[in-house]
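J.: Quick one: sequence and predicted model below, then my questions.
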Amino acid sequence: MVEKNSRRSFLKTLALGSLGTFCLSSCGAGRKKLPNILYILADDLGYGDVKAFNCNCKIPTPHLNNLALNGMIFRDAHASSSVCTPTRYGILTGRYNWRSRLKSGVLAGYSPALIEEGRMTVASFLKEQGYATACIGKWHLGWNWATKNEYVFSDDWNETGENVDFNRPVRRGPRAVGFDYNFCIPASLDIAPYVFLENDQVEAPPTRLVEKRDGYEFFRSGPAAQGFIHEEVLSTFTQKSLDWIRGHKDSEHPFFLYFALSAPHTPILPSPEFQGKSGLGPYGDFVMQCDGIVGQIIQTLKEIRQYENTLVLFASDNGCSPMANYEHLESQGHDPSYIFRGHKADIFEGGHRIPLIACWPAVIKKNSESKDLVCLTDLLATVADISGKKLPDNAAEDSVSMLPVFQGKPSSPVRETIVHHSINGSFSIRKGKWKLEFCPGSGGWSEPTPAKARAQHFSRIQLYDLSEDIGETCNLADQYPRVVFELTRVMEDYVKSGRSTPGKPQANTGAVDFWRHTLVNLADQPTKISHKAKGKRVIGAEKPELLTDGILGTLQYDDGNWTGFEGIDAVMLLDLEENLAIGSLEIGFLQDQESWIFLPRTVTLESSFDNKNFKNIMKIEYGIEKNDKPSRKKCIYKGPDIRARFIKITAENIVHCPLWHSGKDGIAWIFCDEIVVN
């Protein structure tokens, strides 16, 4: 016979060892208490920047290492995108970012709200379960600014704050998606306006204009509040978070804090106490400051006796940015991307494979490691599983619960596939060891860039076996056409169904075309023409023969009929071999802004008898306006007749992609076609 005290102990042990381990204490009349959830999101932190993930990491990260020792690290965790805004959308909604209106790039500082009205978020779901919810840090998901004269903002990077009424609250901000409290900046710390908002209200309106900085300290010029000091923002966010956590010391309700760090993204501005501490320069110092913040958060949880029953998740929104100065870091033996190819913005692993740590002492085994494929979109399904609630069909369409992994007993891989997305809107799908990329090149900022990959006629699709080739160096698309076919069919189904998880089909917000960076429009074929310059010699282009071969190119920049100029003016000299009477002259230019190909700023035509003395024929200026569709522009001269042997064409390159472009500040291309003379 079991004694009464022993029986009680047995029953207590049984309860604590059950599936509901996370319900450790009771609250109210027999009501189980759910865990607190604290989500810390670093900005542009590389997989290789944390010692727990990279044994060769040169940056000391003792607090993150300790978090890993007391929890679980994920070796195969991914952001849904390789840039910030899309990833944040995925985290909070459980839906792939490319299903939203944002098909490439990131939002600007004045962009309207990205999260659709009525869409469930992690915050709104947890609020329904009785959680206190807060968002502190970088928002970058847009909101609807109060405006003067009913002005309506767009996602255009040329928008300014002159139409904002900073004295009125924003609409469709954090509070509208479920956060009881918020203290945020609108976007990244390098994007204006530079103001704090508390509970959707601007704390202090901008009263001054700050000038742009470059290098490590890069941020754009723009309006700023008087007390807004870039160097102090990260510390301000940290203190706000610590205060908010302490304010829930004795609360009967669990809390959810989404703490989105503004670092180590640019401007890279480590506090004085961290400057010089890493020995690797400002970026290493800034990573150490982020690590220190994690230590402060954990210590505060312990002080208020909430550590044991708090699920702490630490992640990065994408890979490390090249602004960290890879060349310098690698010279010191440190690689922020670890063994992976590429970095922030790319479709390659370095763009979206991120460090993810989960610590939940009441549930997760200490010093454990998971190789399960997981995505940052999985948060909403996970918290629903923890809460024992079923999600509706129109929520968390791409979210899979990680709770079985936390408990150390997944019966099978929790996630079979994952879809990746790069800054220019390129897609990739991963299933098991196979990764199929629907684009040539990186789809982002690393080499080969989209324009360079197409100019050099790289394969339109890439297939890699990550079990044998984690560096993505050997394209197997031609060797395994069946794998390409099968993964393509899966991708087609995900797009058509509006979801990648079981459930009723849902609608995407706007059309989704995952083939757009790979397919040739078969209806758009090269056109053969005859003219006086056909076959004549051209000097000044990488492939000069393409400019007089009698073939007009298509809207596909990699059709073999265009010649490109990267970051430099296109200066071409045509030799007609004799003085001719010229009645008309034209040259074609391609515009494909998604591939970083822009019209020239100006085009100048000159003529000469002797290749020494040139006479101006005409000069045309083009405005560089946003255009999502590829197009062809002809620069045409028609009479009066001129006589000349030599024609000089100078097309002025804009050099860098405009600020509103997804590749802002990246190198711009000019693509030229046939020089037609009649």
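T.: Perfect, thanks for sending it.
J.: Now do stretch 182-189: distance to the chain's middle.
T.: Remark: stretch 182-189 is offset 17 Å from the chain centroid, using Cα atoms, centre = their mean, to the nearest Å.
J.: what does it contact?
T.: With Cβ atoms under 8 Å, 6 or more residues apart in numbering as the contact definition, stretch 182-189 has outside contacts at 43, 84, 106-110, 134-140, 143, 173-175, 193-200, 219, 230, 233, 237, 240, 260, 262-263, 265-267. Glycine gets a C-beta too; all of them are placed from N, C-alpha and C.
J.: of those residues, buried ones?
T.: Those of the contacts of stretch 182-189 that meet the buried threshold are 43, 84, 106-110, 134-140, 143, 173-175, 193-197, 200, 219, 230, 233, 237, 240, 260, 262-263, 265-267, by 16 or more other Cβ atoms under 10 Å.
J.: Which members of the residues you listed occur in strands, if any?
T.: 134-138, 197, 260 (DSSP state E).
J.: Give me the nearest residue to the residue most central in space within the chain, chain neighbours excluded.
T.: Note on the chain: the residue nearest the mean C-alpha position is Val83, at 1.1 Å, using Cα atoms, centre = their mean. With Cβ to Cβ, 6 or more residues apart in numbering as the criterion, Val83 has its nearest non-adjacent residue at 4.8 Å, and that residue is Ile423.
J.: From His352, how far off is that neighbour?
T.: To His352, Ile423 is 11 Å away according to Cβ to Cβ, to the nearest Å.
J.: anything in contact with each of the two?
T.: With Cβ under 8 Å, 6+ apart as the test, Ile423 and His352 both reach 81-82, 346.
J.: ok, Cys320 touching Ser337?
T.: Yes. Assessed by Cβ atoms under 8 Å, Cys320 is found in contact with Ser337 at 6.3 Å.
J.: give me every residue that touches Tyr158.
T.: For the record, residue 158 is Asn, not Tyr. Taking Cβ under 8 Å, 6+ apart, we find Asn158 in contact with 659-660.
J.: What helix or strand is it located in?
T.: Following DSSP states H and E, there is no helix or strand that holds Asn158.
J.: what are the ranges of the helices in the stretch 201-350 of the chain?
T.: For the stretch 201-350 of the chain, the helices defined by DSSP state H, counting those that start in this stretch cover 233-246, 282-303, 326-331, 349-352.
J.: do the same with the chain
T.: 4-16, 62-69, 84-93, 122-128, 233-246, 282-303, 326-331, 349-352, 379-387, 403-406, 450-455, 481-497 (DSSP state H).
J.: Compare the mean pLDDT across the ones you listed and name the weakest.
T.: Mean pLDDT values for these show the minimum at helix 4-16, a mean of 38.
J.: Look at the residue nearest to Ile582 when sequence neighbours are not counted and say how many residues are nearby.
T.: Excluding the flanking residues, the one nearest Ile582 by Cβ to Cβ, 6+ apart is Ile642, at 5.2 Å. Per other Cβ atoms under 10 Å, the neighbour tally for Ile642 reads 16.
J.: residues in contact with Ile642?
T.: Counted by Cβ under 8 Å, 6+ apart, Ile642 has contacts 581-582, 607, 615, 617.
J.: Now the buried members of these.
T.: Buried, going by 16+ other Cβ under 10 Å: 582, 607, 617, out of those.
J.: just checking, the last one touches Glu606?
T.: Right, the one you point to is Ile617. Yes. Between Ile617 and Glu606 there is a contact under Cβ under 8 Å: 6.1 Å.
J.: shaky segments in the stretch 251-400 of the chain?
T.: Counting by pLDDT under 70, the stretch 251-400 of the chain contains no low-confidence residues.
J.: pLDDT at Tyr532, what is it?
T.: That one is not Tyr; residue 532 is Lys. Reading off the model, Lys532 has pLDDT 86.
J.: excluding its backbone neighbours, what's nearest it?
T.: In space, Lys532 is closest to Val677, 4.4 Å off (Cβ to Cβ, 6+ apart).
J.: mind checking how far the closest residue to Asp393 other than its chain neighbours is from Thr121?
T.: What sits nearest to Asp393 in space, not counting adjacent residues and going by Cβ to Cβ, 6+ apart, is Lys504, at 4.1 Å. The gap separating Lys504 from Thr121 is 20 Å, by Cβ to Cβ.
J.: So those two - more neighbours on which side?
T.: Comparing Lys504 with Thr121 by other Cβ under 10 Å, the one with more neighbours is Thr121, at 27 against 11.
J.: quick one, what contacts that one?
T.: So Thr121 contacts 92-93, 115, 177-178, 380 (Cβ under 8 Å, 6+ apart).
J.: From what I see, Glu606 and Lys615 are in contact.
T.: Yes. Contact criterion Cβ under 8 Å: Glu606 and Lys615 qualify, at 6.3 Å.
J.: May I have the beta-bridge partners of Cys528?
T.: For residue 528 the amino acid is Lys, not Cys. Bridge pairing for Lys528 (DSSP bridges) gives the partners Ile551.
J.: How about the contacts made by it?
T.: Contacts of Lys528 by Cβ under 8 Å, 6+ apart are 550-552.
J.: same thing but at 10 Å, please
T.: Going by Cβ atoms under 10 Å, 6 or more residues apart in numbering, Lys528 touches 534, 549-552.
J.: What of Ile357?
T.: Here Ile357 is in contact with 40, 50, 52-53, 64-65, 67-74, 77, 294, 312-315, 364 (Cβ under 10 Å, 6+ apart).
J.: so how far is Asp549 from it?
T.: In terms of Cβ to Cβ, Ile357 sits 57 Å off from Asp549.
J.: got it, and Ala453?
T.: Going from Ala453 to Asp549 by Cβ to Cβ gives 23 Å.
J.: Then Phe219?
T.: Counting by Cβ to Cβ, the separation of Phe219 from Asp549 is 47 Å.
J.: before we move on, back to that, list buried residues within the contacts of Lys528.
T.: 534, 549, 551-552.
J.: Check whether the residue nearest to Lys532 really touches Asp575, as I assumed.
T.: No. Val677 lies out of contact with Asp575 (Cβ atoms under 10 Å); the separation is 11.4 Å.
J.: These two - which one has more neighbours?
T.: Between Val677 and Asp575, counted using other Cβ under 10 Å, the more crowded position is Val677 (22 against 15).
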